[in-house]
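Engineer: Sequence and predicted structure, then a few things I'm wondering about:
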Amino acid sequence: MLRFVVLVAAVWVAFLIVRQLLRSGSARPNAPRLPDTRMVRCAHCGLHVPEDEALQHEKHYFCSEKHRLAGPR
Ligand SMILES: [Zn+2]
């Protein structure tokens, strides 16, 4: 019986800790936000990629070197 009580107490404490972690994680005012990265569209396949990861060629963006070589469609 005592082991059961200890087990319930342990589960309860674990639940409280998890809930506290979740709350502090979401309520943190200066939590890291997604950077405001502009999304650009691959001129070949239409895939949207972050501008800093895209390959630019003249006025077109491409998702990969392969598509940059293939050119706009
Ligand atoms: Zn592409």
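Structural biologist: On my side now, so go ahead. All figures in this text were calculated on a predicted structure; none of them were measured in a lab.
Engineer: Please count neighbours and contacts with C-alpha atoms only from this point.
Structural biologist: OK.
Engineer: Next SSE downstream of the helix-or-strand element of the chain with minimal mean pLDDT?
Structural biologist: The weakest-scoring helix or strand in the chain, judged by mean pLDDT, DSSP states H and E, is helix 2-27 (a mean of 87). Remark: after helix 2-27, the chain's next helix or strand is strand 39-41, criterion DSSP states H and E.
Engineer: Now find how far off-centre that following strand is within its chain.
Structural biologist: Offset of strand 39-41 from its chain centre (C-alpha atoms, centre = their mean, to the nearest Å): 17 Å.
Engineer: cool, stretch 10-18 as well?
Structural biologist: 27 Å.
Engineer: Same question for stretch 37-57.
Structural biologist: Between the centre of stretch 37-57 and the centre of its chain there are 18 Å (C-alpha atoms, centre = their mean).
Engineer: Would you indicate which residues of it are buried?
Structural biologist: 40-44, 48-49, 51, 54-56 (16 or more other C-alpha atoms under 10 Å).
Engineer: can stretch 40-52 be found next to the ion?
Structural biologist: Yes. Interface with the ion: stretch 40-52 contributes 42, 44-45 (C-alpha under 5 Å from the ion).
Engineer: how long is that stretch from one end to the other?
Structural biologist: Across stretch 40-52, the terminal residues are separated by 9 Å (C-alpha to C-alpha, to the nearest Å).
Engineer: pLDDT averaged over it, what's the number?
Structural biologist: On average, the pLDDT along stretch 40-52 is 96.
Engineer: Show me the contact partners of that stretch.
Structural biologist: Residues outside stretch 40-52 that contact it (C-alpha atoms under 8 Å, 6 or more residues apart in numbering): 37-39, 54, 60-63, 67-68, 70-73.
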